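>>> requesting a structural model of the entry that follows:
(chains A, B and C)
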Amino acid sequence: MYSYSHRNILDTLQFSKEDLDFLIKKSKKMHSLQESGDAFGILKGKLLASLFFEASTRTRLSFETAMERLGGRLVSTVGFQFSSISKGETLYDTMKMIEGYADIAVIRHPVEGSSRIAAGAVSIPVINAGDGAGQHPTQALLDLYTIISEKGTLDGLSIAFIGDLKYGRTIHSLINLLRHYSVHLYLISPEELRLPDTYKKYLSGFPMTWEETTDIKAVWDSDVAYVTRIQEERFADHREYERLKDIYKVNKELVLASKKQTTILHPLPRVNELSTDVDDLPNAAYFRQAKYGVVVRMALLCLSLGVDF
Amino acid sequence: MYSYSHRNILDTLQFSKEDLDFLIKKSKKMHSLQESGDAFGILKGKLLASLFFEASTRTRLSFETAMERLGGRLVSTVGFQFSSISKGETLYDTMKMIEGYADIAVIRHPVEGSSRIAAGAVSIPVINAGDGAGQHPTQALLDLYTIISEKGTLDGLSIAFIGDLKYGRTIHSLINLLRHYSVHLYLISPEELRLPDTYKKYLSGFPMTWEETTDIKAVWDSDVAYVTRIQEERFADHREYERLKDIYKVNKELVLASKKQTTILHPLPRVNELSTDVDDLPNAAYFRQAKYGVVVRMALLCLSLGVDF
Amino acid sequence: MYSYSHRNILDTLQFSKEDLDFLIKKSKKMHSLQESGDAFGILKGKLLASLFFEASTRTRLSFETAMERLGGRLVSTVGFQFSSISKGETLYDTMKMIEGYADIAVIRHPVEGSSRIAAGAVSIPVINAGDGAGQHPTQALLDLYTIISEKGTLDGLSIAFIGDLKYGRTIHSLINLLRHYSVHLYLISPEELRLPDTYKKYLSGFPMTWEETTDIKAVWDSDVAYVTRIQEERFADHREYERLKDIYKVNKELVLASKKQTTILHPLPRVNELSTDVDDLPNAAYFRQAKYGVVVRMALLCLSLGVDF
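Coordinates of the predicted model:
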């Protein structure tokens, strides 16, 4: 019999197909509890430490909203204010202190692998809210939940990923979840920004199929298009960024030309790769993602704390 | 029959005389609920997004206190920490995200007109907590409530405004409310800092009368004196600031020489324009303003959320 | 009959032996309430203003955790965000505003004596969370409670202080409390960093005895060793810091060579003066200090607010 066993959320590779099915089911349940006003109070008396060693307001507000919506409490810290760090304190020591304060910790950190170090230091559950070039597992889970909520199912879907597949952390994380499903991926990027081999090695032996292309018209064969920003901060050579930044543009004209009712996703923030003229289309699901993200994180907070709902 | 209809609080010009009478009545009610300890719990389960795109600790703490005093919850963000903004995100996109999180938003922004853009983006209520050179309507409402609480009525009062009437946002906003009442204004400023014509055009056709003067002795004929700081940051020419900054000084001697029991207000922070020797006078109401501000904002949060009290 | 009478917590010198006995007893009581889950709700409806004029995340999170664990509410501000200050506002004016918002204030400030100024300005209780080179009384109280919790008693203990006894604020504060007990201190430091005479004058006429030494081996005769960091920021001459910073190193080998079961304390953050190989020893109490700190501050918040438990 299946039993969910993840206290820490560190990596998308930690989840089996059964885990994902369970998480989707629980997110749906939380979604309806939240809609009916019955979620408030589930985490009464529980305390979340929201530890953002780098600013990421979108993610921080989502987690903090999730905790507040459950009636829990939180202490919060952002960025350079974490003064002990500048005095030379290690992450290990910081976490041992936090263990004495809170029931659960969410950690965002600029250094890859730091959430695993944090989780190893303490007996309270730790949720990775993004660590450098590493994982952002809750973003991937909310993306998965968004697709299912918008399309009803995953099985048989064609999903296009567009943009920076080389550095796009959210894409790397989401593909690790989608591999468990019978979906087909169009990986649309310029040659220079293709999905690195290091990520491809996790994709064999799974029902998911995929193909690479440079042609954005693959969107027209896709049920879902996941658009991403070309991230300036990832490029050592600024001229390369300038050359590539506007290579793809998803706009209303492109979306309306699709053979399918293509649902448009974007992890946000967007710059020019996704036109505002798409916003009014019913297919534009990227603003609804924010709301889905809250209920997924509400579910995860409860599950990690071992509080049933 | 009168029905209050403002979900968004964006501008002082949006309020009719009946609106103001209603808001004063509700603020009084909230004041007594707060004093008796019965306000806590009124906004149980409601979530405020406190969005300060520029730091304004005084205003932020006032709104956050208001929400906490009602037993509501909040998520909060300040200034440069709003990392998505530096990645190029528009206010529109930020607000669409916030709409998925919170039940109501308070927004402070350095750019005039941004609160209106924010409100236009979302279906949740938006309260303007100051947008650049624009409006600061809740400050004006709390100033109005302060005068009424201190003097018992507005009708027949003489009210002096002293200092920077050109750039003083709080003055511009408050005058828009006072125009509905039978009051007389003394606008006391140096020639260079007189009330701009653009604000004067809203004042005709209302019961309020006003006259301009450079002489601070007009305070002696005033029931209320509203003192403001000459704001260094508004001057392009620093020498002009140096020449004007200490032009008026409200001190104990001036206040005691008044023919009336002149009540002294100041939006704070003060520098040299208001001496600390005034603090001990019973007429010094500027510290009580902080407390009045909390109950006014408590009332506004409830009204915008449609929660009765 | 004894009656505890401290609303403000400003200084360790304010406490008598009876006060300390009472605070230890109440901290124990709060500790068991917290462990059993019965502390939540004791401060329902109360509002804490957490005012950190300089960043000190460790201390801020501890106080905010304490307030949240009691079911209270808080408004919080950190460092340069305190924008009114940069506009020239005095601490007095800031506190008069806060008085209109909150039921109690915790204040951290870079300038010695500022917590006393803050407390003098307002009618709400003020707790000093560290003011410059001055006092940090709640740190001293939690250190005291940590020793008693770890050793069962204070009477008859030998306690070593190691490191920077000249600038170490936490040491100065803790010694003021320990003087009331029959303990013996080994003050271990290089000549340049000995306890200043100004602190020694408070130690005569009390049961505590003490001796100074430069030899770290005094740890082997100690029941408790309180290790402190040599603080780089306190040295005007950087070469002096470089020469002294690694003069003492408490490591596993040293601790295991002790004739007693020496309990190791450290106010954290640590750098090199305390090796991580000590962490696994049962004697290493410095991470448990964080948890003790929360219950001590929970007790203090209730006592200052006059809320019984």
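>>> by mean pLDDT, flag the weakest helix or strand of chain A.
Of all the helices and strands that make up chain A, helix A:83-86 has the lowest average by mean pLDDT, DSSP states H and E, namely a mean of 54.
>>> C-terminal to that helix, what's the next element?
Using DSSP states H and E, the helix or strand that directly follows helix A:83-86 along the chain is helix A:91-99.
>>> how about that following helix and chain C, any contact?
Yes: counting by Cβ under 8 Å from any Cβ of the partner chain, chain C has neighbours in helix A:91-99: A:92-93, A:96-99. In this view, the C-beta of every residue, glycine as well, is placed from N, C-alpha and C.
>>> just the buried members of the residues you listed?
Burial by neighbour count, judged by 16 or more other Cβ atoms under 10 Å in any protein chain shown, picks out A:93, A:96-99 from these.
>>> of those residues, which is the nearest to A:L141?
Using Cβ to Cβ, A:I98 is the member of these that sits closest to A:L141, with 23.2 Å.
>>> quick one: the helices in the stretch 51-200 of chain A?
With DSSP state H, counting those that start in this stretch, the ranges of helices along the stretch 51-200 of chain A come out as A:57-69, A:83-86, A:91-99, A:114-121, A:137-151, A:169-178, A:197-200.
>>> quick one: closest of these to B:H184.
Ranking the helices of the stretch 51-200 of chain A by their distance to B:H184 (criterion: Cβ to Cβ) puts helix A:57-69 first, at 47.1 Å.
>>> that closest one vs chain C: in contact?
No: Helix A:57-69 is not in contact with chain C by Cβ under 8 Å from any Cβ; minimum separation 10.9 Å.
>>> picking up where we left off before, quick one, which of the helices of the stretch 51-200 of chain A gets closest to C:E64.
Shortest separation from C:E64 across the helices of the stretch 51-200 of chain A is recorded for helix A:91-99, at 12.3 Å, computed as Cβ to Cβ.
>>> which strands or helices does that closest one pack on?
With contacts taken as 3 or more Cβ pairs under 8 Å, 6 or more residues apart in numbering or on different chains; DSSP states H and E, helix A:91-99 sits against strand A:47-52, helix A:83-86, strand A:104-109, helix A:114-121, helix C:57-69, helix C:288-305.
>>> coming back round to it: which stretch in the helices of the stretch 51-200 of chain A is the model least sure about?
With a mean of 54, helix A:83-86 has the lowest mean pLDDT of the helices of the stretch 51-200 of chain A.
>>> now the helix or strand in which A:L33 is found: buried residues?
Per DSSP H and E, A:L33 falls inside helix A:17-35. For helix A:17-35, a neighbour-count test (16+ other Cβ under 10 Å) marks A:19-20, A:22-24, A:26-28, A:30-31, A:33-34 as buried.
>>> quick revisit: which of the residues of helix A:91-99 next to chain C lies closest to A:G293?
A:G293 has its nearest neighbour among these in A:I98, at 23.5 Å by Cβ to Cβ.
>>> show me what contacts the closest one?
A:49, A:51, A:105, A:122, A:124, C:61, C:290 (Cβ atoms under 8 Å, 6 or more residues apart in numbering or on different chains).
>>> tell me who's in contact with the residue minimising distance to the centre of chain A.
Centroid check for chain A by Cα atoms, centre = their mean gives A:Q139 as the closest residue, at 1.1 Å. Listed by Cβ under 8 Å, 6+ apart, the contact partners of A:Q139 are A:59, A:130, A:170, A:173-174, A:267, A:293.
>>> now the residues you listed as a markdown table including neighbour count?
Rendered in a markdown table, the data for the contacts of A:Q139 read as follows (neighbours: other Cβ atoms under 10 Å in any protein chain shown):
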| residue | neighbour count |
| --- | --- |
| A:T59 | 22 |
| A:G130 | 25 |
| A:T170 | 22 |
| A:S173 | 25 |
| A:L174 | 27 |
| A:P267 | 23 |
| A:G293 | 28 |
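>>> near chain B, which residues of chain A?
With Cβ under 8 Å from any Cβ as the criterion, chain A meets chain B at residues A:37, A:40, A:54-58, A:60-62, A:64-65, A:68-69, A:71, A:78-79, A:229, A:268-271, A:276, A:287-291, A:293-294.
>>> wait, which of the helices of the stretch 51-200 of chain A is closest to C:I159?
With distances scored as Cβ to Cβ, the stretch of the helices of the stretch 51-200 of chain A nearest to C:I159 is helix A:91-99 (22.6 Å).
>>> between the contacts of A:I98, which is closest to chain B?
Looking at these and their distance to chain B, the nearest is A:L51, at 13.9 Å (Cβ to the nearest Cβ).
>>> mind listing the residues bridging to the closest one?
A:L51 forms beta bridges with A:T77, A:I107, as assigned by DSSP bridges.
>>> next, count neighbours for it.
Look at A:L51: counted by other Cβ atoms under 10 Å in any protein chain shown, it has 27 neighbours.
>>> can you check A:P269 too?
Neighbour count for A:P269, taken as other Cβ under 10 Å: 18.
>>> which SS class is it?
Classification of A:P269 by DSSP: H, G, I helix; E, B strand; the rest coil places it in coil.
>>> any idea how far it is from A:I247?
Summarising the geometry, the distance separating A:P269 from A:I247, computed by Cβ to Cβ, to the nearest Å, is 18 Å.
>>> go on, A:F53?
Here the distance between A:F53 and A:I247 works out to 32 Å (Cβ to Cβ).
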